[in-house]
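# With the input below, show me the fold.
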Amino acid sequence: MSADSVPVPSRDIQNFKPNGPLFRLGRVVATPAALAILEKHGVASATLLTRHQHGDWGDLNAHDRAANEVALKDGSRILSAYVIKGDRLWIVTEAIGQDGVSRASTCILRPEDY
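Below you'll find the predicted structure:
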């Protein structure tokens with residue numbers, strides 16, 4: 001993906017599950033710096049959250065993609081990374097909580113905010 005490109009779906013189309021979200025986001029929060037990047041490029045947070053929740057992990061390596069596939073089964077943390085005209089954002093959905101069902105929160109942030 002070039003540094004000037006706008007995010008596009010990157011998950012293998014054969015593995016994409018369009019029938020609905022793969023997991024719950026919980027409470028959605030964002031860092032001020034991440035919100036500034038979204039505003040700067042005119043990208044709605046809902047666009048990236050939808051991609052994340054439907055399994056389009058964005059610009060991740062094979063190891064991180066595989067970890068997300070495992071996380072869908074074992075409830076561990078889920079990470080997506082998107083590059084918007086040279087600016088990188090992460091979306092992190094926390095692991096399933098003690099109730100065994102819900103994920104408490106999802107955060108949109110820059111990697112350096114982590």
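# Check this protein for its longest helix and report it.
helix 62-74 (DSSP state H).
# Residues contacting the next helix or strand after that one, please?
Remark: after helix 62-74, the chain's next helix or strand is strand 78-84, criterion DSSP states H and E. For strand 78-84, contacts defined as C-beta atoms under 8 Å, 6 or more residues apart in numbering pick out 1, 3, 5-7, 23, 37-38, 41, 43, 48, 51-52, 56-60, 64, 67-68, 71-72, 88-93, 111. Where you see a C-beta, it was placed from the backbone N, CA and C, and this is true even at glycine.
# Buried ones in strand 78-84, by neighbour count?
For strand 78-84, the neighbour count (16 or more other C-beta atoms under 10 Å) marks 78-84 as buried.
# Determine which two of those are furthest apart.
Put simply, by C-beta to C-beta the two of the buried residues of strand 78-84 set farthest apart are Ile78 and Ile84, 19.5 Å from each other.
# hey, where'd the helices end up in the protein?
Under DSSP H, the chain gives helices at 32-41, 45-53, 62-74.
# okay, those helices, which one's buried deepest?
helix 45-53 (a mean of 18; mean count of other C-beta atoms under 10 Å).
# Could you check the angle that helix makes with helix 62-74?
Helix 45-53 and helix 62-74 are oriented at 80 degrees to each other (axes from the mean of the first three to the mean of the last three C-alpha atoms, to 10 degrees).
# tally of neighbours for Ile91?
25 (other C-beta atoms under 10 Å).
# can you tell me how far it sits from Tyr114?
Applying C-beta to C-beta, to the nearest Å, the value for Ile91 to Tyr114 is 11 Å.
# same deal with Asp87?
Asp87 is 15 Å from Tyr114, by C-beta to C-beta.
# Could you dump the helices of the chain into TSV with mean pLDDT added?
Shown next, in TSV, are those (pLDDT from 0 to 100):
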stretch	mean pLDDT
helix 32-41	97
helix 45-53	96
helix 62-74	96
